[in-house]
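**Student:** can't give you the sequence, but here's the structure:
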């Protein structure tokens, strides 16, 4: 296993992700520069949060044009593992590697806080160590995290078990009040149809270090590795 | 050389005094041209020269065992935090731009203060801010709050440094002149920091980052002018921020510093190229030739003086070691940054600015800067008239409350924006990027951030209750420093140093100058007592409404402390039902300048709360012992809203309730809502209670067992149930949102 974290100009969660990933491997976690065209043999590709190219246009709309993205698409088509977090999720949707889109939060504001999540499908490679009834506490920090897609796509995502995480309340109930951004079906993260490409708005890397007094995010990384 | 001499009238229009114009003629030995008086007008503005404040600023303590660079030596102070690391921090105002264009004004304030930190080679790790607005019910205030908060959020969030703390107050005096003070904290290896010097003659001078446009021209002079009805015509003086560029500049700066090719670096803030080139030259007693036509321009045909004075954001000036230009250029190209070789260090001691072959200005660098030729004024002061009204206040004329009225007053205070939760604001800031914010899941009075790779954490806070400073500038400022230190103590930290942002009215108004002088004296006294030297900061005068009424004197204190070990941390939430609630410190029959007196009783003028520096210091010594001995379960200082609100906050943070008894012999309102200083509410297990009392007695701090933590979310006061917590918690949580949404 070899981990690579993609760095776009404006990425700002790259170091946080590298710090956590580095606890899972003795090999150095590679930084993949957006101008690169090959993945240097990485088996697991992570697209971090931030504001790629400033995200002055639609989030991720410029990043999808970066040279590195062609290599990531090829890696994904060959069944390789890809996880995008926050801006990474937005970029993967913009690139077409994941279905749907992420719209402005319905309250039109950037929102940073802890939220509760439940795995949508505990048989995925990135959720397999999470109990179906377990409620995770994971932070969000985004202004454009409202997951949206057309009805047919949503039906397919649900039918194929592609829901990665859903927002819920502290007791695990999927309610409107627990939905921080207006996402359809409280969707916080999804996978592609072949279940090797994942995207999620919440930040598991922000709750995977002991001194932060919340390590629920480790469950995601434990599942992957 | 352009030889069209400027006139006194032109100089006055640019904000210079007639005597200053003559001083310029003496320095140059000739009449200056228009470009030259433009340069002097910004460099000698209060914003750059501190001409009306420096006499008093020099009285503040600057040295201490942990100081690596003293105030004024560099762009920001440097403090030793152990393990070979230094902390670099500073607070700065962006008041006037934010009053006119709140979004960009606040955003560029955040950008500017972060550049001050990373131009020293320190990577910013945390940001804080201190905001003041007028009445939250007015459309104007709501527009300002929304704009300022979005500006701070959009800039800081994209830049990728967490906003971990802050304070927000609403008061009518800030209706037209709101305050936006932004603080940044960075870390750099000891001995790895970069100076803002220029090195020997021959070194090349580069500009990199954004291209230079016409925005922000005369911004520094604008900041040193009264706010007035026609300030809106100053709109082009407000700059536009681009956090994406700032992020690229940060990463590129870190890389070129790491490469070891940088001699000196300074960001371009107030007075742009002029300020950075002259200050860097003066610092190393050299000169600089600058070719303005080489500066990347955002629009064609810019004039020399426009290029010199532009305050376009996200630009850095860097002096490179001669011969290593290519290395630096390669890094800047990697980050797709615009850059240009715009000049050369010389041994002339003059800054000389050229457009093509034409010499536009030729000025001794030293004559422009603070500590050099910039003017220094001693202003006169007189005791403000309003202090008589304050002195006439009689507590006996205020009727005390019965228990039922006290409950209503408590609910009213929970509806008070100055007391209520600021969640609506701070959730718009990314507080967690960087994964070092230890307060997210365990709140404490100061924000706590991990110093990665060490056992230590930093405790960070910004504080100033300006109502107290208004009532007594000296004592009020002592309280501001003390509250900052108390917040750090309540988090388990040791106060280390402060930065200050001094927001006052017009210094030529003698009553305002009285406030300023006395505030500085009070600050010095408190800082000496706590051994927290002043590492630097910023002076913002001319904060007043269009009718000339100054804002409350607001000397905001940004303080950094060190938490030596994780187990020293103390936090706000109560921990367990049945724990004893103990009030440390003395409660007096004192309602002075409390939110209760101002908002419930409608008294605008009352004295500063009683305060004694020695009493405060004794409390801090006790708090240090409590932290080291893990002697308490929670600690939260008593501030706005008094003992009641303090207990409420500790209970809400834990989802618990409390049963509280006020002390006998006290007025009920003073016991519940008075803001007597130097007090902290702690909770402790019943088995630890005796030991706590023993420690307090040994420290000479009075400790009163005032209540018990309840397992259910209920409030009991003096034996009477006030019902569920929600009657208080609900308005506390939602009142600001109810105005803003």
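**Tutor:** Perfect, I can see it now. What you are looking at is a predicted structure, and each value in this text was computed from that prediction instead of being measured.
**Student:** and residue A:2, what does it touch?
**Tutor:** Shown in contact with residue A:2 (CB atoms under 8 Å, 6 or more residues apart in numbering or on different chains): A:27, A:30, A:40-44. Placement of C-beta: from N, CA and C, glycine included.
**Student:** can I get the buried part of those residues as one PyMOL selection?
**Tutor:** With 16 or more other CB atoms under 10 Å in any protein chain shown as the criterion, this PyMOL line picks the buried residues out of the contacts of residue A:2:
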select buried, chain A and resi 30+42+44
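**Student:** go back to the contacts of residue A:2 and keep what's next to chain B.
**Tutor:** Filtering those for proximity to chain B by CB under 8 Å from any CB of the partner chain leaves nothing.
**Student:** could the contacts of residue A:2 go into JSON lines alongside secondary structure and distance to residue B:362?
**Tutor:** Shown next, in JSON lines, are the contacts of residue A:2 (DSSP: H, G, I helix; E, B strand; the rest coil; distance: CB to CB, whole Å):
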{"residue": "A:27", "secondary structure": "coil", "distance to residue B:362": "59"}
{"residue": "A:30", "secondary structure": "strand", "distance to residue B:362": "53"}
{"residue": "A:40", "secondary structure": "coil", "distance to residue B:362": "54"}
{"residue": "A:41", "secondary structure": "coil", "distance to residue B:362": "59"}
{"residue": "A:42", "secondary structure": "coil", "distance to residue B:362": "57"}
{"residue": "A:43", "secondary structure": "coil", "distance to residue B:362": "63"}
{"residue": "A:44", "secondary structure": "strand", "distance to residue B:362": "61"}
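**Student:** any idea which of the contacts of residue A:2 is the one closest to residue B:7?
**Tutor:** residue A:30 (64.2 Å; CB to CB).
**Student:** centroid residue for chain B?
**Tutor:** When CA atoms, centre = their mean is applied to chain B, the residue found nearest the centroid is residue B:91 (3.9 Å).
**Student:** gap between that one and chain A?
**Tutor:** Distance, residue B:91 to chain A, by CB to the nearest CB, to the nearest Å: 22 Å.
**Student:** returning to what we had before: would CSV of the contacts of residue A:2 with pLDDT and distance to residue A:97 be doable?
**Tutor:** Shown next, in CSV, are the contacts of residue A:2 (pLDDT from 0 to 100; distance: CB to CB, whole Å):
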residue, pLDDT, distance to residue A:97
A:27, 93, 25
A:30, 98, 20
A:40, 97, 19
A:41, 96, 20
A:42, 97, 16
A:43, 97, 17
A:44, 98, 15
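**Student:** just the contacts of residue A:2 now: which is nearest residue B:173?
**Tutor:** Among the contacts of residue A:2, and counting by CB to CB, the member closest to residue B:173 is residue A:30, at 55.5 Å.
**Student:** the closest one contacts residue A:5, doesn't it?
**Tutor:** Yes - in this structure, residue A:30 is within contact of residue A:5 by CB atoms under 8 Å, at 7.2 Å.
**Student:** would residue B:488 count as being in a helix?
**Tutor:** Yes - under DSSP: H, G, I helix; E, B strand; the rest coil, residue B:488 sits within a helix.
**Student:** what bridges to the nearest residue to it once chain neighbours are set aside?
**Tutor:** Take residue B:488 and drop its neighbours on the chain: the residue closest to it by CB to CB, 6 or more residues apart in numbering or on different chains is residue B:561, 3.5 Å away. Counting by DSSP bridges, residue B:561 is bridged to residue B:459, residue B:495.
**Student:** who are the neighbours in contact with residue B:561?
**Tutor:** Residue B:561 neighbours (CB under 8 Å, 6+ apart): B:446, B:458-460, B:485, B:488-489, B:491, B:493-496.
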